[in-house]
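Please find the sequence and the predicted model below.
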Amino acid sequence: MVTDNNVDFYYGDLMVNKIKSFGFDVNKYVVKPGEESKSIETLYSLCKYLNEWKITRNDYLIAFGGGVAQACCGAR
């Protein structure tokens, strides 16, 4: 799950617990909110994280929130 600090503060634990209640494992990646975080550096950092957790094309990547989270997950 990719989210930003603001969304994570209010809803992060709630969302993680909800996903886990359906039997899924959850890894959470939290980014700074704002346009300055829509960068290749943020994307590279996310890719490194996904690699460390052995995330593959068979896994789900959830953008929880807007802006940066969606940009990192490929939404236009």
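Yep, that arrived.

Averaged pLDDT, stretch 32-47. What do you get?
Mean pLDDT, stretch 32-47: 94.

Residue 34 against residue 68, yeah?
Yes. Between residue 34 and residue 68 there is a contact under CB atoms under 8 Å: 7.1 Å. (Each C-beta comes from the backbone N, C-alpha and C, glycine too.)

Looking at these two now, which is surrounded by more residues?
For residue 34 versus residue 68, neighbours defined as other CB atoms under 10 Å are more numerous around residue 68 (26 against 12).

Tell me who's in contact with that one.
Counting by CB atoms under 8 Å, 6 or more residues apart in numbering, residue 68 makes contact with 4, 31-34, 37-38, 42.

with the residues you listed in mind, which one is nearest to residue 53?
Closest approach between these and residue 53, by CB to CB: residue 31, at 15.6 Å.

Relative to residue 18, how far out is the closest one?
21 Å (CB to CB, to the nearest Å).

Counting neighbours, which bits of whichever strand or helix holds residue 44 end up buried?
Taking DSSP states H and E as the definition, one finds residue 44 inside helix 40-52. Residues of helix 40-52 classed as buried: 42-43, 46, 50 (neighbour count, 16 or more other CB atoms under 10 Å).

could you dump the residues you listed to TSV with distance to residue 64?
Listed next are the buried residues of helix 40-52 as TSV, based on distance: CB to CB, whole Å:
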residue	distance to residue 64
42	16
43	17
46	14
50	16
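
one step back: which strands and helices sit next to the helix holding residue 44?
Here helix 40-52 is seen to pack against strand 29-31, helix 68-72 when contacts are counted using 3 or more CB pairs under 8 Å, 6 or more residues apart in numbering; DSSP states H and E.

Mind listing the strands the first one pairs with, and their directions?
Yep, that's strand 29-31 we're talking about. strand 2-4 (parallel) (DSSP bridges).

Pass me the low-pLDDT residue ranges in the chain, would you?
Within the chain, the set of residues satisfying pLDDT under 70 comprises 76.

Now with 90, please.
66, 72-76 (pLDDT under 90).

Can you tell me which residue is spatially central in it?
residue 2 (0.8 Å; CA atoms, centre = their mean).
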